[in-house]
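> take a look and give me a structure for this.
(chains A and B)
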Amino acid sequence: MKRLFAAFFLLLLACGVGVAQESPYIVTYDHHLEEPGNLEIETYTTLGVPRSGQNFYAAPWMEIEYGVTGRWTSEFYLEGQGTAGDSAVFTGWRWENRFRPLKREHLINPVLYLEYEDTSEASRIQKEIVGGAPDVESPNSDLQPIKNHELEGKLILSGTVHDWNIAGNFITEKNLSRGEGFEFGYAVGFSRPLATLASGTPCHFCRENFIAGIEFYGGLGSTEDGFGFRDTAQYVAPVVSWQVSENASIHFSPAVALTGQGSPMLIRVGYSYEIRGFTTRLSQWLGGKH
Amino acid sequence: MRALITGLLLLGLGDIAFGQNTTYQQDPNWQVPTNAASRANPLARRPEAAAGGQKLFHRNCVECHGEDGSGLVKKHAADLQLSIVQQQSDGALFWKITNGNPDRGMPSFSNLPELQRWQLVLHLRSLTPSKDAPVKQK
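Alright, predicted model coming up:
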């Protein structure tokens, strides 16, 4: 086991080059999947700025994303949450899969998304917003015991026009633990690299390493409470990603609430690190021929 | 005759040592639409842009195609030096970079801006064939 951990960290340190142009979105998904055999390790945090009567909270999560094939990406999440003046809790895990039914690039590229969540009601990462608004006021002692086993589906539609990525996600979620009906949500994003021509020399701060854009996301009600924007949390969020090295990128997004529900502002920061050819490297290390 | 056999053996050993995929065969189902193949490279008159293409190639392609583009056998990647690749039009190479061939492990690089994909094409043209093995037709 020790050897496996040592190998894992050695791979992290010694692995080679990675892919450029990470999507800057935090909530919206575009049609680009992970390359087959690549492993991406990401860590994000949602910081919730409180309204009166709320407490500041930080909800970190970690994603491990793997390209199973060129048209199938699988991702595993671990998440937690800490609230000022309250407590820090582990809020659960998620397993998502994205499938791309069409082989080639089209004007609009569909991707099908399916996720299983085993989380508690104290989850505040807000990786997506469905139904009304998350409860950010009740104490963790009340929320943590409430477990949610949920299935979530998304229809992702995305395309590129003149180097602008335009992506829209329609989200539906079903809580298998309780009768909450089906909850709905959406996310829409627009983004573009700051430079479209690569310079001939290595650089960290040149414009080609930055992608900027904007996201809109929020709940769309549920079959129980009615479809629409009533009593839902809605956010507008500028997004930026910076390719700091050939295999690492940093993401930042301040989201501002457009309604009186949920937190008035969410500040999101993230770091992702990609290991190219992970499967090959692992099998080589384990003595395989691959 | 002995010299020829020795030469072939050395060539074979060299291929194994460096992992060159000189026996690469094109996927007959990976066909480029005619209008895409006829597109001209907008950077054709800007050879200085090839330097950026080299950088992009190093970031995105070397893992499977190798530094010199000769293709790694273990990755089943194309030897980009072969005439079967170099004879393709700029538009065809651009289309293949953009769309990929997921069933054969070639990812799509449509996440790169269009000009950067054309820069990659410029760099591909600079990959000099060290040798050209006979291409097996399916």
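> from here on, just use CA atoms for contacts and neighbour counts.
OK.
> who's in contact with residue A:122?
Residues near residue A:122 by C-alpha atoms under 8 Å, 6 or more residues apart in numbering or on different chains: A:81, A:91, A:135, A:140, A:143-144.
> of these, buried ones?
Neighbour counting by 16 or more other C-alpha atoms under 10 Å in any protein chain shown classes A:81, A:91, A:140, A:143-144 among these as buried.
> redo these as JSON lines? Include distance to residue A:103, pLDDT and secondary structure.
JSON lines is the format used below for the buried ones among the contacts of residue A:122 (distance: C-alpha to C-alpha, whole Å; pLDDT from 0 to 100; DSSP: H, G, I helix; E, B strand; the rest coil):
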{"residue": "A:81", "distance to residue A:103": "39", "pLDDT": "97", "secondary structure": "strand"}
{"residue": "A:91", "distance to residue A:103": "37", "pLDDT": "98", "secondary structure": "strand"}
{"residue": "A:140", "distance to residue A:103": "45", "pLDDT": "97", "secondary structure": "helix"}
{"residue": "A:143", "distance to residue A:103": "43", "pLDDT": "97", "secondary structure": "helix"}
{"residue": "A:144", "distance to residue A:103": "43", "pLDDT": "97", "secondary structure": "coil"}
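> could I get those as TSV with distance to chain B?
Compiled in TSV, these are given as follows (distance: C-alpha to the nearest C-alpha, whole Å):
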residue	distance to chain B
A:81	33
A:91	33
A:140	41
A:143	40
A:144	40
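> for the contacts of residue A:122, give me TSV that also has distance to residue B:54.
Converted to TSV, the contacts of residue A:122 look like this (distance: C-alpha to C-alpha, whole Å):
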residue	distance to residue B:54
A:81	44
A:91	45
A:135	51
A:140	53
A:143	53
A:144	52
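> contacting residues for the nearest residue in space to residue B:51 that is not next to it in sequence?
Residue nearest to residue B:51 in three dimensions, not counting chain neighbours: residue A:200, with 4.4 Å by C-alpha to C-alpha, 6 or more residues apart in numbering or on different chains. When contacts are counted by C-alpha under 8 Å, 6+ apart, residue A:200 is found next to B:49-55.
> buried subset of these as a ChimeraX selection?
Here is the ChimeraX command that selects the buried residues among these (16+ other C-alpha under 10 Å):
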select /B:49,50,51,52,53,54,55
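> ends of stretch A:122-131, what's the gap?
Start-to-end span of stretch A:122-131 (C-alpha to C-alpha, to the nearest Å) is 16 Å.
> same question but for stretch B:28-48, I mixed them up
Using C-alpha to C-alpha, the two ends of stretch B:28-48 sit 34 Å apart.
> which secondary element of the chain has the worst mean pLDDT?
Picked chain A for this. helix A:2-14 (a mean of 44; mean pLDDT, DSSP states H and E).
> and chain B, by the same measure?
The helix or strand of chain B with the poorest confidence is helix B:2-18; it has a mean of 46 (mean pLDDT, DSSP H and E).
> can you give me the buried ones in stretch B:37-50?
Per 16+ other C-alpha under 10 Å, stretch B:37-50 contains these buried residues: B:37, B:41, B:43, B:49-50.
> take the residues you listed and lay them out in CSV including secondary structure.
As requested, those are exported to CSV (DSSP: H, G, I helix; E, B strand; the rest coil):
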residue, secondary structure
B:37, helix
B:41, coil
B:43, coil
B:49, helix
B:50, helix
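> nearest to chain B: which residue in the stretch 151-290 of chain A?
residue A:200 (3.9 Å; C-alpha to the nearest C-alpha).
> number of nearby residues for residue B:104?
14 (other C-alpha atoms under 10 Å in any protein chain shown).
> thinking again about what came up before, output the buried residues of stretch B:37-50 as CSV; include the columns distance to residue A:283.
Formatted as CSV, these follow (distance: C-alpha to C-alpha, whole Å):
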residue, distance to residue A:283
B:37, 38
B:41, 40
B:43, 40
B:49, 37
B:50, 35
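> near chain A too, which of the residues you listed?
Restricting those to those touching chain A (C-alpha under 8 Å from any C-alpha of the partner chain) yields B:49-50.
> of the buried residues of stretch B:37-50, which pair is most distant in space?
B:37 and B:49 (21.0 Å; C-alpha to C-alpha).
> need the residues of chain B near chain A, please.
Residues of chain B lying near chain A (C-alpha under 8 Å from any C-alpha): B:49-56, B:58-60, B:63, B:74, B:98-103, B:105-107, B:110-116, B:119.
> just those: which are in strands?
In this view, these have no member that belongs to strands under DSSP state E.
> hmm, back to that, for residue A:264, state which of the buried residues of stretch B:37-50 is nearest.
Lowest distance from residue A:264 to those (C-alpha to C-alpha) belongs to residue B:49, with 45.8 Å.
> check contacts around the closest one.
A:198-200, B:43, B:119, B:122.
> then stretch A:220-238 to CSV, C-alphas only?
Only the C-alpha atoms of stretch A:220-238 are listed here, as CSV (Å, rounded to 0.1, in the frame of the first residue of the first chain):
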residue,chain,number,x,y,z
LEU,A,220,-36.0,26.2,-12.0
GLY,A,221,-38.3,24.9,-9.4
SER,A,222,-39.6,21.4,-9.1
THR,A,223,-42.6,19.2,-9.9
GLU,A,224,-43.7,19.7,-6.2
ASP,A,225,-43.4,23.5,-6.0
GLY,A,226,-43.9,24.4,-9.7
PHE,A,227,-41.6,25.0,-12.6
GLY,A,228,-40.1,28.5,-12.8
PHE,A,229,-38.0,31.1,-11.1
ARG,A,230,-40.2,31.7,-8.0
ASP,A,231,-38.2,31.4,-4.7
THR,A,232,-35.1,30.2,-6.6
ALA,A,233,-31.4,31.2,-6.3
GLN,A,234,-30.0,32.8,-9.5
TYR,A,235,-26.4,33.8,-10.0
VAL,A,236,-24.3,35.6,-12.6
ALA,A,237,-20.6,34.8,-12.4
PRO,A,238,-17.6,36.1,-14.4
